[in-house]
Structure formats: structure tokens, C-alpha cells
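Q: Let me see the structure of the following:
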Amino acid sequence: MLGERIRKLRKQKKMTLEALAGEELTKGMLSLIENNKAKPSMESLAYIAKQLEVDVADLLEEISSQELREILEKAENLFNANLKENPIKYEQVITLIEPIIDKLMQGYESARLLDIYSRCLYYEKKNDWQDYLERAAIIYDQINLTSNRASIGIFRSMVKFTDHDYSFALNSLLEERSHIEANHAYIDPITRVNLDYHESILHFAVGDNQSAEKVMENAIHFSKENRIFYLTDDLYRLAAANALMFKNEEKKSYYLQKIKQYGEFAEDIQSILFYKLFDVMSLNEDKKDYSKALKEIDEFFSEPDTSNIFIHWFHLEKGKALYGLGLFEEAISSLEKVEIPSFACHPFDLSLFYVMDSYKALCHLKLGHTSNALHFANIAVENFAPLPQTPYKDFSQETYDMIKHKM
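A: This next block holds a predicted model:
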């Protein structure tokens, strides 16, 4: 109610009835207004708003801009909190925003609250998150907030990406990008790079390597030209992964060197570890120097913190190195420690992980466990079935065919 909103704002600003009434209203009249026993004229309402330093619209609306900003600040802090430290943060955000969700109609605060609310619903596997996200998208379009609107488009497509529906994800992103480019007069450089990066990821995911490389290399060139370093390391990693996947040694060497330089310059531990991982993979797959690979892997595990995102990749490479050295039981033990992280959704990542079952099969074959060998070889082939063609997929099929032939 109007009176309650006036009283709340007055108390927030630590004003007495006399101070708010000033020279144009009496304390008694103001008390009646606050208790909803009298309705102020538009002139009185404008005066009260001026005294409270708010817009008249803030008094007439059910929730003021100030209240929205306060709720948004709390929501942002919760939403961006560490999930391990606060595992119920999404539930808390939903509880915070839900009472006002139907009052969020216009302006940045409303759009951002709808945006956050819908994402929390998605993470909590609740229904109707798409409807609230669409409401946020419409407001972002209205106020021409391109970066936030693009973020929604990327989020929508990546939801399908995590479900491994790569074609739908790509088409969704292309449609979103087309809408943004048609309805927003200016797309800032960072948003453009963000769109390019995700588009190239999805082109690779569906096996359209030509389009992927074109978009990716254009993004890298654009970043250099405009001196933008946003997603630079991610673009280099994507380029290196593509070169590794399709055995382009020249490009792989070039982009790995770029990753190493970036990691050293920015002191970025993830880039440095990525470079070390790819170096180990090269030792295992190209140079067949398994002893050196094992030495570098053991150096990784000797670090005090091995809980980082690369731990399962290094377990996998250790299994491959041990297999190469003829230590088949030890290799199986290492391969059994590999868990595919939940964030590994791209066919490139999955391909690197799915070969672990092919290596388990080869180890069991060497140990004379032919039924186990065929079992794991078959798992690898089935896992690879929905993925685009890569040398890793070919390797899994060749391993299966070879084992089946021997049996």
C-alpha cells in the first residue's frame, strides 16, 4: 500500500514525521497518509517524493527502485558465492526473489533479477525457468543492454549443449545471434568475442570444422586487432585442442606456445597446466616417450593441490603411459581412477576421456582377459557412437575390431 511504502522509505532515511511533512504538509495529515486513511493529491505526492529523494513512480509502484536495488545486491552476492561454501545458494536466491517475481516489469533491476531467478530455477531443476528468462530477454532488448541479452542467448544454447544436443544448441545460438544483431545497433567487442567463442565451440561440436575454424580464427584476429584479452586463453585452448584432435602439428605447436606465453605472462595456473597436459599427451601419442611422460605426470601429482580440474586427465595419461611401458595392471589401476567431470560436455573433451575404455581393453587383452577386453572395447565404441568423427573415435573402433578378430 502507498502509505506503507512512504513510511518504510521515511524510516530507511531516518526521517521523523515532522521532517518529512516539512512546510507543505501537517504531521497529522502525513500520519493519515501513512496509515492509508487519507489519499494524497498528486501535488502532495510529488512533494513527499521530493522530500524522500525518490521518483513519484517509486511511491506508486508496489516495490520501489531502491528496494529492487537492495534485493538485487543480495541476490548477486548469493548467486556469485562459492557453491562449495554455500551449497543451497540457488534455493536462497529463489526464496529471496520469489515474493516479488510478478512485480518485475521494467528496468535493469527487474531484468537482472528475472535473469538470476530463472538460472537458479534451472540449476535447481525446477519448471518455468524459460518463461522468466524470456521476460528478462525482452526487457534487456527494450533497454538495449546487449551484453546481458547475449548472455541469455548463450545460456539458452549451452543448456542444450550440456544435454549433448549439439545441433539444437548451435541452431539456437545462431538464431539468438541473428536476433541480437538485428535488434541492437551496437555490439561491444567483448560481447562479439563471447558470441564468436561459443559459436566456434558449437560448430566443432557438430563436426563442422571449417566453419568453426573460420569463426575461431576471426575471433582471435579481432581480439588482437582491438587489443581485447577477454577469452584469449580459451580461444587458444580451443585452437590447440582442434589441432591435436586432427593431427595438425604446426598449428598445435603454435597455439600451445601461445598458451604457454599467456600462462607465464598472466601467471594463469590453468593455462600452464593445460600446456603441461598437452605436452604429456604429445609424449604419449606422438613421441611414444612414455618414461618422460610418466615423469612429468608424477611431477603434477607431487604438487600439494591436485584437486584442480585437470586431475582426471592426468590419471588418464598416466594409464596410457603405463600401458606403453607394458605395466598393464598398473595402467588399469590408474585408468579406473578417471572420472569424467560434469563440465566435460564437448565432443573434444569426451573423445579424450572415452578412449580410456579402449586402453582398458588393450590392457586386459595383454593380460589374457579376453572377455573383459571385448567388454571395455564395446563400451568405448558405444560411447563414441553419437560423437563426430575424430581419430580417437577411429582408434576405439579399430581396437574393438582387432579384439573381436583375435577372439
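Q: Distance from the chain centre to the longest helix belonging to the chain, please.
A: In the chain, ranked by residue count with DSSP state H as the criterion, the top helix is helix 347-366. Distance of helix 347-366 from the chain centroid (CA atoms, centre = their mean, to the nearest Å) equals 27 Å.
Q: ok, now stretch 207-223?
A: That offset, for stretch 207-223, works out to 20 Å (CA atoms, centre = their mean).
Q: where does this structure have low pLDDT?
A: For the chain, the stretches with pLDDT under 70 are 57, 60-62, 304-307.
Q: Now do the same contact list for residue 185.
A: Residues near residue 185 by CB atoms under 8 Å, 6 or more residues apart in numbering: residue 144. Where C-beta positions appear, they are placed from N, C-alpha and C, glycine not excepted.
Q: Now do it against residue 141, distance only.
A: To residue 141, residue 185 is 12 Å away according to CB to CB, to the nearest Å.
Q: cool, and residue 301?
A: Using CB to CB, residue 301 is found at 50 Å from residue 141.
Q: who has more neighbours, the two?
A: Using other CB atoms under 10 Å, the more surrounded residue of residue 301 and residue 141 is residue 141, with 18 against 11.
Q: pretty sure that one contacts residue 148?
A: No - with contacts counted by CB atoms under 8 Å, residue 141 stays clear of residue 148, the gap being 9.9 Å.
Q: What are the buried residues along stretch 345-352?
A: Within stretch 345-352, the residues scored as buried using 16 or more other CB atoms under 10 Å are 345-348, 350-352.
Q: do stretch 147-161 as well
A: So stretch 147-161, judged by 16+ other CB under 10 Å, has buried residues 148-161.
Q: nearest to residue 227, of those?
A: Of all the buried residues of stretch 147-161, residue 150 has the smallest distance to residue 227: 20.7 Å, by CB to CB.
Q: right, and residue 195 touches residue 178 too?
A: No - contact criterion CB under 8 Å: residue 195 and residue 178 do not qualify, at 10.8 Å.
Q: Looking at those two, which is more packed in?
A: Each of residue 195 and residue 178 has its neighbours counted (other CB under 10 Å); residue 195 has more, 23 against 11.
Q: Leaving out the residues flanking it, which one is nearest to residue 129?
A: Distance criterion CB to CB, 6 or more residues apart in numbering; nearest residue to residue 129, sequence neighbours excluded, is residue 121 at 3.7 Å.
Q: what does residue 357 give?
A: In space, and not counting its chain neighbours, residue 357 is closest to residue 380: 3.9 Å by CB to CB, 6+ apart.
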